[in-house]
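>>> Make a model of this:
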Amino acid sequence: MTTTLEKPPGTDAPRRSRALVWTGGVIGAVIVLGSAWSVVGQLLWFDTEPTTATATYATRPVVELVADGDVDVRTGGADVVVEHTDRTALGKVSYSADATDDRLTIRNQCSWYSSCTASLAVSVPAGTEVVVRARDGDVTAKGLGAALDVDARDGHVSVADLGGGLTVRATDTAVDVRSVRGDVEVKASDGSVDVEDVAGSLTVRARDGRVTASAVAGDVDISATDADVTVYGTGEPVALDIRAVDGRETIDAPTDPGADRHVRISTRDGDATYRGPR
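Numbering: from 1, shown residues only. Okay, the predicted model is just below:
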């Protein structure tokens, strides 16, 4: 005969309770240690001085810049000239340059556990396509002659006098664009978007930030959530599609359903406005 012993009721509960207490203690200890490390790093930060070095590389059709800090890129001479500036406490900065036949990749990045900035100031030859991947810093690009692709987090993106198309993906970042001689595409969250003087078309997808566009020669397509959108026209009639869900719609500029240029403004929890020239 087989006898099955029943487990006394409730015996699992103390074990689960002890496991939860142990797990909570470990998590709490990690949080405390992480906070203490961060405080120590910030204190040491004030006693460190930035270091700067310069390097020169043969150009490639595409230059990619990856940094945990500010990135400033402009048009220069026949070579790629890089100035990298580092400031760190309780960690280190890793700088590298890798080249293939068609791409030069420059990286200036912080170790994950450090209080650190790792910035780049770069000049590239005219006609060079540029790709920027930046965290915890501002991105500034001026006077570039070809296409620019930017992926930025926690900073400010400023682009002016661009000779090609522009693509921006931004998180917790304000975006300002002035004078682009190509198409512009922006995807942004938690930051304002301000675009002026675009020779091509403009496409914006935004969340939690004001969007303003003016002097766009091509079609405009803007969709936003939790954000007000204002588009200033060129004075010529456009085929307008405007829709605001839980917001106001304002039209104060000429429209024509048969016009060649199209302007689409769609907002949710925000106002949609189309006005005459700024």
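>>> I'd say Arg133 and Asp68 touch.
No - between Arg133 and Asp68 there is no contact under C-beta atoms under 8 Å: 9.8 Å. C-beta here means a position set from N, CA and C on the backbone, and glycine is covered the same way.
>>> Neighbour count: those two, which is higher?
Asp68 (25 against 20; other C-beta atoms under 10 Å).
>>> Now do the same contact list for that one.
Asp68 makes contact with 108-110, 116-118, 134-137 under the criterion C-beta atoms under 8 Å, 6 or more residues apart in numbering.
>>> Reformat these as CSV; add distance to Gly155, pLDDT and neighbour count.
What follows is the contacts of Asp68, written out as CSV (distance: C-beta to C-beta, whole Å; pLDDT from 0 to 100; neighbours: other C-beta atoms under 10 Å):
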residue, distance to Gly155, pLDDT, neighbour count
Asn108, 15, 96, 23
Gln109, 15, 94, 19
Cys110, 14, 88, 22
Cys116, 15, 85, 23
Thr117, 11, 88, 20
Ala118, 13, 94, 27
Ala134, 6, 97, 25
Arg135, 8, 94, 18
Asp136, 7, 92, 18
Gly137, 5, 93, 21
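>>> Name the member of these with the shortest distance to Ile222.
Nearest to Ile222 out of these is Ala134 (C-beta to C-beta; 24.2 Å).
>>> Parallel or antiparallel, list what pairs with whichever strand or helix holds that closest one.
In the assignment (DSSP states H and E), Ala134 maps to strand 129-135. Paired strands of strand 129-135, with direction, are strand 62-67 (parallel), strand 148-162 (parallel) (DSSP bridges).
>>> Tell me which residues are up against it.
Identification of contacts with strand 129-135 by C-beta under 8 Å, 6+ apart yields 61-71, 73, 124, 139, 141, 144, 146-155, 164.
>>> Produce a PyMOL select command limited to the buried residues of the residues you listed.
Entered in PyMOL, the line below selects the buried ones among these, by 16 or more other C-beta atoms under 10 Å:
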select buried, resi 62+63+64+65+66+67+68+69+70+71+73+124+139+141+144+146+147+148+149+150+151+152+153+155+164
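>>> Need the max-distance pair from the contacts of Asp68.
Cys116 and Ala134 (13.9 Å).
>>> Burial check on Glu185, number of neighbours?
So Glu185, with other C-beta under 10 Å, has 17 neighbours.
>>> residues contacting it?
Shown in contact with Glu185 (C-beta under 8 Å, 6+ apart): 165-168, 202-204.
>>> One more pass at 10 Å, please.
Applying C-beta atoms under 10 Å, 6 or more residues apart in numbering, one finds that Glu185 lies in contact with 149, 165-169, 200-205, 221.
>>> Tell me where the stretch 1-150 of the chain has strands.
Counting by DSSP state E, counting those that start in this stretch, the stretch 1-150 of the chain has strands at residues 51-57, 62-67, 71-75, 80-89, 93-99, 103-110, 115-124, 129-135, 139-142, 148-162.
>>> Identify the residue nearest Thr250 in space, chain neighbours excluded?
Thr273 (4.3 Å; C-beta to C-beta, 6 or more residues apart in numbering).
>>> Would you verify that that neighbour is located in a strand?
Yes - per DSSP: H, G, I helix; E, B strand; the rest coil, Thr273 lies within a strand segment.
>>> how about a markdown table for the strands paired with strand 129-135, with distance to Thr52 and mean pLDDT added?
Converted to a markdown table, the strands paired with strand 129-135 look like this (distance: least, C-beta to C-beta, whole Å; pLDDT from 0 to 100):
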| stretch | distance to Thr52 | mean pLDDT |
| --- | --- | --- |
| strand 62-67 | 14 | 98 |
| strand 148-162 | 20 | 97 |
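>>> Dump those strands into a markdown table; add distance to Asp260 as well.
Shown next, in a markdown table, are the strands paired with strand 129-135 (distance: least, C-beta to C-beta, whole Å):
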| stretch | distance to Asp260 |
| --- | --- |
| strand 62-67 | 34 |
| strand 148-162 | 25 |
